[in-house]
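Colleague: Build me a model:
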Amino acid sequence: MITVIGTGTGSPPAPEELAGAELVVGGRRHLDAVRLPEAVERIVLGPLAPALETIAEYDAKDRAVTVLASGDPGFFGIVRALAERFGAERLDVRPGVPSVATAFARLGLAWDDAVVVSAHGRELRTAVNVCRAHPKVAVLTGPGAGPAELGAALRRSGRVLVVASALGDPECERVVRVSAAGAAEREWGTAVSVVLCLDESRVLGPVRTLAGRGAGPAGWALAEGDFAHRDSMITKFEVRALALARLGPRPGDLVWDVGSGSGSVAVECARLGAAVSAVERSADGVERIRANAAAHGVYVDVVHGGAPDALGGLDDPDAVFVGGGGRELADIVGECARRARRTVVVAMAALDRVPAARAAFLDAGYDVDGVLLQSSRLTPLPGDVTRLAATNPVFLLWGVRTPVSSEGVDR
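Modeller: Now for the predicted structure:
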C-alpha cells in the first residue's frame with residue numbers, strides 16, 4: 001500500500017502517520033518538516049519518473065511507502081500519476097486543506113463559484129485567459145508562471161491579484177492584495193502558494209448549485225433584441241450561430257471580435273467561457289459593447305480603435321471574428337490570419353469583398369471554406385396569417401490554420 005499524505009497548509013503529518021514507512025518521498029520542505037529514523041530511505045521529488053521507479057521497487061516487495069504532498073494531493077497533485085502507475089486501489093490518500101481553500105478563507109470569501117486553473121508546468125496563456133473571462137479565479141503558479149508574469153499579462157484587465165505565500169506558516173505567511181500592474185513590478189520569491197485573480201465588482205456571486213464555472217448558457221445565437229444596437233447594425237442570429245460553431249470559443253481561449261459593432265459576437269463568446277477582446281472604431285459603439293456585456297453578466301475587453309492598427313497591442317488570439325473592415329478588409333484578414341492560433345471567421349454583406357478576403361487566407365496558408373447565408377423568418381400579418389420575410393444575405397468565410405506536419409521532426 002502506498003500512503004499519500006497531504007500536508008495541508010504548512011502543517012506536517014503526525015509522527016504516527018509515518019510509523020512503519022520504509023520509503024518517504026516528498027519535496028525538500030516536506031521532508032525537512034518531519035523526523036524520520038535513519039533507516040528510512042528518502043527521495044526528494046524533482047523529476048517524477050525516477051521517484052516512480054523507486055516506489056515501484058518498494059511496492060513490488062510490499063514494503064511501506066509514504067508520499068508527502070501539499071494540500072489535497074488529489075487536486076492537481078501526485079495522486080493522478082500514482083493511480084495511473086499503480087492503480088487507485090493501491091493508494092491510501094489522506095488529504096490536507098488545499099491552498100486554494102485556505103487563501104479564500106483568509107479573505108472571508110466562498111469559493112464554490114471560483115474557477116481553478118494550474119499554470120504549474122503548463123502554458124501561462126490558458127490561465128491568463130481564464131482570469132480575463134471569469135470574476136473569481138485561483139491560479140496554481142510555478143516557475144516562469146508566477147504573480148509577476150500573471151500581473152504583466154493582465155495589466156489592462158482591471159483585475160486585483162491576491163498573492164498568498166507560505167500559507168499555514170505562522171512566521172512566514174503573507175497574503176498581499178495588489179493590482180495586476182503592481183504584481184508585475186515585484187519579486188515574489190519561491191514561497192507563493194496560490195494567486196487569486198478577482199474582479200471585485202463581481203466577486204460576490206449568487207448562490208450556486210454547480211461548483212466551479214457553472215453550467216454554460218442554456219442557448220446561444222440570441223435574438224437581436226437581446227442586444228442594444230444601432231439601426232439594425234448587428235450580426236443576425238443565423239449568422240452568429242454558424243460563426244460561433246466555426247470559432248469554437250471555450251474556457252482558456254482568447255477570441256478577437258474585430259469591427260465589433262454591438263458586441264453581439266463578443267458577448268456570445270464570453271458567455272461560452274472564452275476571454276474576448278472587442279475592437280471597435282466608434283466611441284458610441286465602445287459604450288454599447290460595454291453595456292451589452294454588463295447586461296449579460298460577462299466581461300469583454302473593449303479596445304477603441306480601428307483595425308488593423310489597433311490589433312498591435314493585443315495578445316495573439318485562438319480565434320477571430322471579423323465583422324467589419326471596409327476597404328481595409330483584406331489587410332485586416334491577413335493580420336488576423338497571421339496571428340490567430342486556430343481559425344478566423346469573416347462576415348461580409350458585400351460580395352465583391354469575398355475574393356480579397358479569400359486570397360488573404362490562402363496567402364497565410366489557411367484552409368478556406370465559406371457559405372452564403374440566406375434566411376427567411378416567420379413574420380405575422382393581419383388576419384392571423386404568416387409570411388416569410390427575407391433577411392439580407394451574408395457571405396460567411398472562414399479559414400482554419402493548416403496543421404504543421406510532424407513528419408521528420410525530431411521530438
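Colleague: Nearest spatial neighbour of Arg90, chain-adjacent residues omitted?
Modeller: Ile2 (5.6 Å; Cβ to Cβ, 6 or more residues apart in numbering). Placement of C-beta: from N, CA and C, glycine included.
Colleague: which residues in the protein form helices?
Modeller: Listed in chain order, the helices of the chain (DSSP state H) span 15-18, 28-32, 48-60, 79-86, 99-107, 124-133, 147-153, 180-184, 237-247, 264-271, 283-295, 329-339, 354-363.
Colleague: just to revisit the earlier point, got the contact list for the residue nearest to Arg90?
Modeller: Ile2 makes contact with Ile55, Asp59, Val65, Thr66, Val67, Leu82, Phe86, Arg90, Leu91, Asp92, according to Cβ atoms under 8 Å, 6 or more residues apart in numbering.
Colleague: Please tell me how far it sits from Glu22.
Modeller: Distance of Ile2 to Glu22, given as Cβ to Cβ, to the nearest Å: 11 Å.
Colleague: Give me the common contacts of those two.
Modeller: With Cβ under 8 Å, 6+ apart, Ile2 and Glu22 have common neighbours Val65.
Colleague: least confident pick among the contacts of Ile2?
Modeller: Least confident of those in the model: Asp59, at 91.
Colleague: Could you count how many residues lie near it?
Modeller: 19 (other Cβ atoms under 10 Å).
Colleague: I'd like the distance between it and Pro37.
Modeller: For Asp59, the distance to Pro37 (Cβ to Cβ) stands at 20 Å.
Colleague: Could you point out which of the helices of the chain sits nearest Pro380?
Modeller: Pro380 lies closest to helix 237-247 among these, at 18.3 Å (Cβ to Cβ).
Colleague: Name the residues of the closest one that come out as buried.
Modeller: Using 16 or more other Cβ atoms under 10 Å as the test for burial, helix 237-247 gives Phe237, Glu238, Val239, Arg240, Leu242, Ala243, Leu244, Arg246, Leu247.
Colleague: got the residues you listed as JSON lines, with pLDDT and distance to Phe321 columns?
Modeller: Below are these laid out as JSON lines (pLDDT from 0 to 100; distance: Cβ to Cβ, whole Å):
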{"residue": "Phe237", "pLDDT": "93", "distance to Phe321": "14"}
{"residue": "Glu238", "pLDDT": "94", "distance to Phe321": "15"}
{"residue": "Val239", "pLDDT": "95", "distance to Phe321": "10"}
{"residue": "Arg240", "pLDDT": "95", "distance to Phe321": "9"}
{"residue": "Leu242", "pLDDT": "96", "distance to Phe321": "11"}
{"residue": "Ala243", "pLDDT": "97", "distance to Phe321": "6"}
{"residue": "Leu244", "pLDDT": "97", "distance to Phe321": "9"}
{"residue": "Arg246", "pLDDT": "97", "distance to Phe321": "9"}
{"residue": "Leu247", "pLDDT": "97", "distance to Phe321": "6"}
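Colleague: buried stuff in stretch 380-399?
Modeller: Buried residues in stretch 380-399, counted by 16+ other Cβ under 10 Å: Val394, Phe395, Leu396, Leu397, Trp398, Gly399.
Colleague: Bridged to the last one, which residues?
Modeller: Note on Gly399: beta-bridge partners Val344, Val368, judged by DSSP bridges.
Colleague: show me the contacts for it.
Modeller: Val333, Ala337, Thr343, Val344, Phe361, Ala364, Tyr366, Asp367, Val368.
Colleague: mind listing what the residue nearest to Val239 when sequence neighbours are not counted touches?
Modeller: Of all residues beyond its chain neighbours, the one nearest Val239 is Val394 (5.0 Å), with distances taken as Cβ to Cβ, 6+ apart. Counting by Cβ under 8 Å, 6+ apart, Val394 makes contact with Lys236, Val239, Ala347, Met348, Ala349, Leu372, Leu373.
Colleague: how many other residues sit next to the third one?
Modeller: What it means is Ala347. Applying other Cβ under 10 Å, I find that Ala347 has 23 neighbouring residues.
Colleague: In ChimeraX, how would I select the buried members of the contacts of Gly399?
Modeller: In ChimeraX, a selection of the buried entries from these looks like this (16+ other Cβ under 10 Å):
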select :333,337,343,344,361,364,366,368
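Colleague: And the contacts of Gly399, which two are furthest apart?
Modeller: Using Cβ to Cβ, these span at most 14.3 Å, a distance reached by Val333 and Asp367.
Colleague: From the contacts of Val394, which land in strands?
Modeller: Ala347, Met348, Leu372, Leu373 (DSSP state E).
Colleague: and which of those is nearest Val195?
Modeller: Of the ones in strands among the contacts of Val394, the one sitting nearest to Val195 (Cβ to Cβ) turns out to be Ala347, at 38.1 Å.
Colleague: dump the residue contacts of the nearest residue to Asp369 once chain neighbours are set aside.
Modeller: The shortest distance from Asp369 to any non-neighbouring residue, by Cβ to Cβ, 6+ apart, is to Trp398 (6.0 Å). Counting by Cβ under 8 Å, 6+ apart, Trp398 touches Arg246, Thr343, Val344, Val345, Val346, Val368, Asp369, Gly370.
Colleague: Pull the contacting residues for Ala243.
Modeller: By Cβ under 8 Å, 6+ apart, the residues touching Ala243 are Thr235, Val265, Phe321, Val345, Ala347, Leu396.
Colleague: Greatest separation within those: which pair is it?
Modeller: Maximum distance among the contacts of Ala243 (Cβ to Cβ): 11.8 Å, for Val265 and Leu396.
Colleague: these two touch, right, Leu154 and Cys197?
Modeller: Yes - with contact defined as Cβ atoms under 8 Å, Leu154 reaches Cys197; the gap is 7.0 Å.
Colleague: And the pLDDT at the residue nearest to Asp369?
Modeller: Looking at Trp398, its pLDDT is 97.
Colleague: in the chain, which segments are predicted with low confidence?
Modeller: Within the chain, the ranges that satisfy pLDDT under 70 run 10, 325, 404-411.
Colleague: measure the residue nearest to Val239 to Glu53 for me?
Modeller: According to Cβ to Cβ, Val394 stands 59 Å off from Glu53.
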